[in-house]
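In: Sequence first, predicted model second:
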Amino acid sequence: MLATAHDSELDHGATKVAPGMERHCALSRTLKPVDEMIRFVVGPGDETVPDIKRKLPGRGIWITATRAALDDAIKRNVFARAFKRNVRVAADLLATTERLLERSALDALAIAGKAGQVVGGFAKVEAAIGRDDVLALIHAANAAADGKRKLDAALQRKTPEKSREIAIVEMFSGAQLDLALNRPNVVHAALLAGPVSDTFLARVRRLERFRTGNSPDLVSAHAPTDGARGQNSE
């Protein structure tokens, strides 16, 4: 059962936010689980700051974690009303929030990679398909269609009963995957089961929900491309 917060839009600090708790969205005034929201605090210079990890000090407010809701909150000057003071809202708050959500997901992927929970390279990914511990296939957003099609065929051939349970992540560019996994030319990767892998997928779904307003079981969003990468790269 979800714990219910006080009626006030302002919380009592990040340490008072427990998993499964509900908060009122400062825009819609509806009560929602904190996992479906983004916390904001007032930082230096009285500027509104997204608290993606829910750790920043000070009292905060919560907005439904979608781009549309945040855009509406900015236009309606919800932050000043909820904080009960004049606060600065940067012109790029939407972009900054999305960038932080993206960075949070990639940080989790980097940790999963260091923990040995990521298999990279077309041949290794193809060989890994069919293992019971594969949670997701990760394709660079600029990956060639042929490579994705071949891996999808392998997935359907080796694990037809499990294929719908495996997430497909296509929202990061090859350059972003290169940096996160600390290897060159990452095009395809397989995510193996583990606590950090679960964290990565949760953050990917959060980012996808922010961008589209949807909460898909299978993630298949796209980042800007910088030219298709061949299937035999990492």
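Out: Cool, got the structure. Numbers count the residues shown, from 1 in each chain.

In: When you work out contacts or count neighbours from here on, use the C-alpha atoms and nothing else.
Out: Will do.

In: tell me the mean pLDDT over the top helix by length along the chain?
Out: Identified as the longest helix of the chain according to DSSP state H is helix 93-114. Average pLDDT, helix 93-114: 98.

In: Numbering from 684 from now on, please.
Out: With 684 as the first residue, the last one maps to helix 776-797.

In: From the chain's centroid, how far away is it?
Out: Averaging C-alpha positions (C-alpha atoms, centre = their mean, to the nearest Å) puts helix 776-797 7 Å from its chain's average.

In: Of all the residues in that helix, which ones are buried?
Out: For helix 776-797, a neighbour-count test (16 or more other C-alpha atoms under 10 Å) marks 776-777, 780-781, 783-796 as buried.

In: cool, and stretch 856-868?
Out: Buried, per 16+ other C-alpha under 10 Å, within stretch 856-868: 856, 857, 858, 859, 860, 861, 863, 864, 868.

In: what sits against the fifth one?
Out: So the one you mean is residue 860. The neighbours of residue 860, taking C-alpha atoms under 8 Å, 6 or more residues apart in numbering as the test, are 789, 823, 869, 870.

In: Apply 7 Å and report the result again.
Out: Residues counted as contacts of residue 860 (C-alpha atoms under 7 Å, 6 or more residues apart in numbering) are residue 869.

In: Regarding it, what is its secondary structure?
Out: helix (DSSP: H, G, I helix; E, B strand; the rest coil).

In: gap between it and residue 868?
Out: 8 Å (C-alpha to C-alpha, to the nearest Å).
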